[in-house]
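Undergrad: Fold the following, please.
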Amino acid sequence: MQKLKKFAKFRLYKDNPLISVIVPGKNEGQHIYKLVKSLAEQTYRNYEVIIIDDGSDDFTPYICADLEKANLIDKYIRMDVRGGKASAANMGANVSKGKYIVHLDADSSLDVDAIENILLPFYLDDKIKGVGGCVKVRNSQKTICTSLQAIEYLKRIQVGRTVTSFFGIYHIISGAFGAFETKTLRTFGFWDVGPGLDGDITQKLRKAGYRVVFANDAICMTNVPTKWYKLFHQRIRWSRSLVRFRLRKHIDILLPNKNWSFLNWLSNMESIMYDCVLNFVWVFYVINLMWKFNEHIIEVVFLGYFIRLCFNFFGFGLIMITSERARQEFSLIRFMPLMSPYSGYFLRIVRSIAQLQEFFFFRSYDDPWNPEKTSRYAKLERK
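TA: Numbers count the residues shown, from 1 in each chain. Take a look at the predicted model:
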């Protein structure tokens, strides 16, 4: 593997392509400087930075104007009327000049070799047109809420996506940190409007026959919600997207047709089964448990908790083995007893609520996360 990485690195620096780093966002002025500073420290230097301001009403215009004058960013694009994240990303992509586009969230910051590492897979296989970075939680010590999310990210992103990428069923390039070949994205018209654009663009690439992979050594640090109610609303939006894109817009991946691919089918089914079907199976399981073991329900619940706790500690061991900053992340072990109720109850209930809303009421099309005008356009998908 190290020989392949050295070969890819040789090809990358020989080609030395211009990279377009696009950063769409609204009211992210407080984060822009930290992001730009982390870009200035990158080992790979041939890039342009394009900030797209999606109708901010904070100090973003003044901050970005100063950064542009200081030549710390290459372009600052101001959208006076909010168009949504996809619209802002498309604006940046359309003016980009790079061979590859790196899409970043404004509240992200990168390890010094992150840009280099996310580009290397493109130089290992010409079929690779999209690469996802490894997103970790920066504010992990802020509250119990952020600490549990930090463990979840390590488990589902660092370990989980490494595994799915290895088996060829990796299905979502995070919007917080992802890289794409510009020419290929242009053929798709870039991002479609609406929540869930990360998974949507990944599905487009897979359906076109291209490979998407995960770069576990391309590290991006991001902030996560510190309050439970904010986390609830974020996950409601994310979970609605599973129904909207995997079970509606891209349902053809699951159906027999001339472009059918087993890996694409398995990629979607893994997500649908784990994040949707098993949520509802769990409800019937709990009801059956209470019916059959009503006299010993407390003992059964504690036994189940103990078994899940053992599996969680085993999973944490895998995280420590694969992490490049294990010493720093080991402190999260004290929150492991809370992971079972967090992932087994809180997240599962949130996903179930969101998916029922989307199945029966199409709630993602009226999500205030997206401007009303783009939601109206997105509703054309339903016709």
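Undergrad: which parts of stretch 132-148 are buried?
TA: 132-140, 142, 145-148 (16 or more other CB atoms under 10 Å). Where C-beta positions appear, they are placed from N, C-alpha and C, glycine not excepted.
Undergrad: What is the nearest of these to H31?
TA: Taking CB to CB as the measure, H31 sits nearest to R138 out of those, at 10.3 Å.
Undergrad: Can you tell me which of the buried residues of stretch 132-148 end up in helices?
TA: Assignment to helices by DSSP state H places the following of these there: C145, T146, S147, L148.
Undergrad: For the stretch 201-350 of the chain, just list every one of the strands.
TA: In the stretch 201-350 of the chain, the segments counted as strands under DSSP state E, counting those that start in this stretch are 211-222.
Undergrad: now do the stretch 51-200 of the chain
TA: Applying DSSP E, counting those that start in this stretch to the stretch 51-200 of the chain gives strands spanning 75-79, 100-104, 109-110, 128-137, 177-181.
Undergrad: Can you tell me which of those is nearest to N216?
TA: With CB to CB as the criterion, N216 lies closest to strand 128-137 of the strands of the stretch 51-200 of the chain, at 5.0 Å.
Undergrad: show me what contacts the residue nearest to G130 when sequence neighbours are not counted?
TA: When the adjacent residues along the chain are set aside, G130 lies closest to V212, with 4.1 Å between them (CB to CB, 6 or more residues apart in numbering). By CB atoms under 8 Å, 6 or more residues apart in numbering, V212 lies in contact with I128, K129, G130, V131, G132, Y170, H171, I173, T202, L205, R206.
Undergrad: now swap in T143 and tell me
TA: For T143, the residues meeting the contact criterion (CB under 8 Å, 6+ apart) are T226, K227.
Undergrad: Swap in 7 Å and give it another go.
TA: With contacts taken as CB atoms under 7 Å, 6 or more residues apart in numbering, T143 has the following neighbours: T226.
Undergrad: Show me the shaky parts of the protein.
TA: Scanning the chain for pLDDT under 70 picks out the ranges 194-196, 373, 376-383.
Undergrad: In it, which residue sits furthest out from the middle?
TA: If you look at how far each residue of the chain sits from its centre, by CA atoms, centre = their mean, the farthest one is E295, at 43.3 Å.
Undergrad: Distance-wise, check that residue relative to L289.
TA: Here E295 is placed at a distance of 12 Å from L289 (CB to CB, to the nearest Å).
Undergrad: try N370
TA: With distances defined as CB to CB, the gap from N370 to L289 amounts to 39 Å.
Undergrad: Of these two, which one has the most company?
TA: Neighbour totals were compared for N370 and L289, and N370 leads with 25 against 14 (other CB atoms under 10 Å).
Undergrad: Nearest spatial neighbour of the more buried one, chain-adjacent residues omitted?
TA: Closest to N370 by CB to CB, 6+ apart is G84, at 4.8 Å.
Undergrad: Can you verify my assumption that the one you found contacts P371?
TA: Yes. Using CB atoms under 7 Å as the test, G84 is close enough to P371 to be in contact (5.2 Å).
Undergrad: More neighbours: which of those two?
TA: Neighbour totals were compared for G84 and P371, and G84 leads with 27 against 18 (other CB under 10 Å).
Undergrad: Dihedrals phi and psi, that one?
TA: Reported as degrees, to the nearest 10, the phi and psi values for G84 are phi 100, psi 160.
Undergrad: residues in contact with it?
TA: V193, N370, P371, T374.
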